[in-house]
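1. coordinates only, sequence not included:
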């Protein structure tokens with residue numbers, strides 16, 4: 001669900017800023033499924049907080065642009081004390097003291113600048129839209145990191161379980177080899193082979209346990225709390241029916257691509273603004289003042305002036321022309337970047353789409369390999385009890401069975417990661433699209449408060465003060 005504006009601007013924005021809500025509400029001690037991991041990452045990510053703050057800064061650039069179109073009123077009060085003394089040409093000594101107090105109001109209003117300031121404000125609005133898309137890209141990055149962390153813990157747990165079972169089976173084989181050696185059915189070589197495999201299994205188990213501890217630490221870093229009992233394999237998202245459909249979805253939704261499109265629009269507007277800056281500007285200034293000389297009893301004096309001035313820079317040493325050329329070059333660079341981003345998005349979608357297909361086929365093959373190696377292991381083990389197989393045959397069959405099971409675990413992990421990587425490449429790995437039960441951050445909340453550049457003591461300005469106080473920035 002998306003937060004509505006306002007109802008209580010302060011209350012709504014406390015969570016939108018992501019500061020107070022996560023600090024006051026205790027998190028779950030365990031993540032039972034992938035959704036819980038993504039929820040934890042969404043609520044506690046410092047990277048998301050950083051980029052939400054950058055978006056608020058971009059929102060303020062729009063307010064700055066609007067403020068430059070409005071009059072500026074300044075109030076000045078001054079008290080002056082002057083003292084002088086000297087000798088006149090006739091030899092007379094003169095001493096003079098003067099005390100003045102004066103207050104003045106001045107209004108300055110931009111009347112005309114060819115539209116430069118308006119164009120810069122519109123460019124700031126396009127950059128806000130670009131920054132919103134970059135925030136979505138960061139959100140996808142955070143959620144995919146949660147997917148990787150969850151799958152990493154699950155994969156680590158399954159590998160540890162396999163290694164423990166492998167050690168148990170090898171210890172049984174070692175016991176059987178020792179029993180058969182005592183009755184003369186096998187040689188010391190068979191026992192040594194079994195002992196070697198048991199030692200290797202212990203080392204592999206230790207290595208797997210270390211990998212699992214690393215995965216748990218990564219999970220804690222990404223999600224914000226340690227993993228508990230993992231529910232099992234995550235539910236895979238539905239994918240596009242064809243590569244063409246996947247590409248079409250990405251062109252409409254991929255945030256990096258959309259952000260660059262907005263950046264190109266902003267750069268074009270800045271080119272127009274720098275062109276307008278070459279022309280004249282007109283400003284209106286009005287001053288009204290009241291003053292009083294404290295040394296005389298002449299009372300107060302007042303004055304009022306109004307000025308309409310036209311300014312045109314005739315020569316700036318090439319500064320204005322260079323500024324315009326620089327803006328044009330920057331716009332060309334943004335267009336070049338857009339072409340690169342478009343191609344990168346298409347390549348990423350294609351790679352992710354075929355990775356999903358490959359992972360699915362690999363998982364099917366690994367399941368068949370597990371089935372066949374299990375049948376072979378059971379058969380060879382039974383034949384060994386009858387003396388038709390050697391201890392080495394049994395150990396090799398058990399290793400083949402373990403390798404098949406490990407391959408199946410890795411194939412399941414690869415399939416899950418490939419499925420969510422495809423969502424990310426299409427721009428669909430977001431809390432809103434996935435339907436995560438969290439309060440979705442609404443980037444329009446803060447923008448709606450500041451877009452009209454409210455005065456500090458206006459109602460909206462006071463709302464902003466409460467927001468900043470909630471964020472600890474008052």
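-> Looks like it arrived, so ask away. None of the values given here were measured: they were computed from a predicted structure.
2. May I have the secondary structure class of residue 306?
-> With DSSP: H, G, I helix; E, B strand; the rest coil as the basis, residue 306 sits in strand.
3. Quick one: neighbours of the closest residue in space to residue 461 that isn't next to it in sequence, just the number.
-> Counting by Cβ to Cβ, 6 or more residues apart in numbering, residue 461 lies nearest to residue 454, which is 4.5 Å off, once chain neighbours are set aside. Bear in mind the C-beta positions are built from the backbone N, C-alpha and C, glycine included. Per other Cβ atoms under 10 Å, the neighbour tally for residue 454 reads 17.
4. My reading is that residue 454 lies in a strand. Confirm?
-> No: going by three-state DSSP, the assignment for residue 454 is coil, not a strand.
5. Could you pull up the contacting residues of it?
-> Residue 454 makes contact with 460-461, 464, according to Cβ atoms under 8 Å, 6 or more residues apart in numbering.
6. got a pLDDT number for it?
-> Note for residue 454: predicted pLDDT of 85.
7. How many neighbouring residues does the residue lying closest to residue 142 once chain neighbours are set aside have?
-> Spatial nearest neighbour of residue 142, chain neighbours left out: residue 45 (4.6 Å); criterion: Cβ to Cβ, 6+ apart. Number of residues near residue 45 (other Cβ under 10 Å) recorded here: 24.
8. now the strand or helix carrying residue 76, how far from the chain's geometric center?
-> Secondary structure from DSSP states H and E places residue 76 in strand 72-87. Offset of strand 72-87 from its chain centre (Cα atoms, centre = their mean, to the nearest Å): 54 Å.
9. helix/strand/coil for residue 69?
-> Residue 69 is classified as coil under three-state DSSP.
10. residue boundaries of the helices in this protein?
-> For the chain, applying DSSP state H gives helices covering 9-16, 20-24, 34-44, 46-67, 116-182, 188-223, 243-253, 255-276, 319-385, 391-426, 431-434, 444-450, 459-470.
11. Show me which of these has the highest average neighbour count.
-> Most buried of these, by mean neighbour count (mean count of other Cβ atoms under 10 Å): helix 34-44, with a mean of 24.
12. Below-threshold pLDDT in the stretch 151-300 of the chain: ranges please.
-> By pLDDT under 70, the weakly predicted segments of the stretch 151-300 of the chain are 296-298.
13. And the contacts of residue 454, which is closest to residue 374?
-> Minimum distance to residue 374 across the contacts of residue 454 is 65.9 Å, recorded for residue 464 (Cβ to Cβ).
14. coming back round to it: can you redo the contacts of residue 454 as TSV with pLDDT and distance to residue 367?
-> What follows is the contacts of residue 454, written out as TSV (pLDDT from 0 to 100; distance: Cβ to Cβ, whole Å):
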residue	pLDDT	distance to residue 367
460	75	61
461	76	64
464	77	58
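15. pLDDT below threshold where in the stretch 1-150 of the chain?
-> By pLDDT under 70, the weakly predicted segments of the stretch 1-150 of the chain are 1-32, 88-91.
16. residue contacts, the spatially most central residue of the chain?
-> Central residue of the chain (Cα atoms, centre = their mean): residue 138, 2.4 Å from the mean position. By Cβ under 8 Å, 6+ apart, residue 138 lies in contact with 47-48, 51.
17. mind putting those in a markdown table, distance to residue 259 included?
-> A markdown table is the format used below for the contacts of residue 138 (distance: Cβ to Cβ, whole Å):
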| residue | distance to residue 259 |
| --- | --- |
| 47 | 16 |
| 48 | 16 |
| 51 | 12 |
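18. Looking at these, which one is closest to residue 392?
-> Nearest to residue 392 among the contacts of residue 138, counting by Cβ to Cβ, is residue 47 at 52.8 Å.
19. Against residue 130, how distant is that closest one?
-> Residue 47 is 18 Å from residue 130, where distance means Cβ to Cβ, to the nearest Å.
20. re the thing from before, so which of the helices of the chain gets nearest residue 92?
-> Nearest of those to residue 92, taken as Cβ to Cβ: helix 319-385 at 55.5 Å.
21. ok, residue 181 to residue 189 distance?
-> Residue 181 is 10 Å from residue 189, where distance means Cβ to Cβ.
22. and residue 287, how many residues sit next to it?
-> Using other Cβ under 10 Å, the number of residues around residue 287 comes to 16.
23. Was I right to think it contacts residue 103?
-> No: here residue 287 does not reach residue 103: they are 11.4 Å apart, not a contact under Cβ atoms under 8 Å.
24. Now residue 55: closest residue in space that isn't a chain neighbour?
-> Closest residue to residue 55 apart from its sequence neighbours, by Cβ to Cβ, 6+ apart: residue 131 at 4.9 Å.
25. List the contacts of the one you found.
-> Contacts of residue 131 by Cβ under 8 Å, 6+ apart are 54-55, 58, 259.
26. quick revisit: of the contacts of residue 138, closest to residue 354?
-> residue 47 (29.2 Å).
27. you'd agree the closest one is up against residue 139?
-> No: counting by Cβ under 8 Å, residue 47 stays clear of residue 139, with 9.3 Å between them.
28. Can you list the strands that the top strand by length along the chain pairs with?
-> Assignment by DSSP state E gives strand 93-112 as the longest strand of the chain. Partner strands and pairing direction for strand 93-112 (DSSP bridges) are strand 72-87 (antiparallel), strand 281-293 (antiparallel).
29. Of all the residues in it, which ones are buried?
-> Using 16 or more other Cβ atoms under 10 Å as the burial criterion, the residues of strand 93-112 that qualify are 100, 102, 110.
30. Any chance of a markdown table for the residues you listed, columns distance to residue 389?
-> Listed next are the buried residues of strand 93-112 as a markdown table, based on distance: Cβ to Cβ, whole Å:
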| residue | distance to residue 389 |
| --- | --- |
| 100 | 114 |
| 102 | 110 |
| 110 | 94 |
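31. closest to residue 294 among the residues you listed?
-> Nearest to residue 294, judged by Cβ to Cβ, of the buried residues of strand 93-112 is residue 100 at 7.0 Å.
32. Look up which residues are beta-bridged to that closest one.
-> Residues in beta-bridge contact with residue 100 (DSSP bridges): residue 80, residue 293.
33. Quick one: residues contacting it.
-> Counted by Cβ under 8 Å, 6+ apart, residue 100 has contacts 79-80, 291-294.
34. ditto for residue 277
-> Counting by Cβ under 8 Å, 6+ apart, residue 277 touches 113-114, 116, 320, 323-324.
35. Return the member of those nearest to residue 75.
-> Using Cβ to Cβ, residue 113 comes nearest to residue 75 of the contacts of residue 277, at 25.4 Å.
36. was I right about the closest one contacting residue 281?
-> Yes: with contacts counted by Cβ under 8 Å, residue 113 reaches residue 281, the gap being 4.2 Å.
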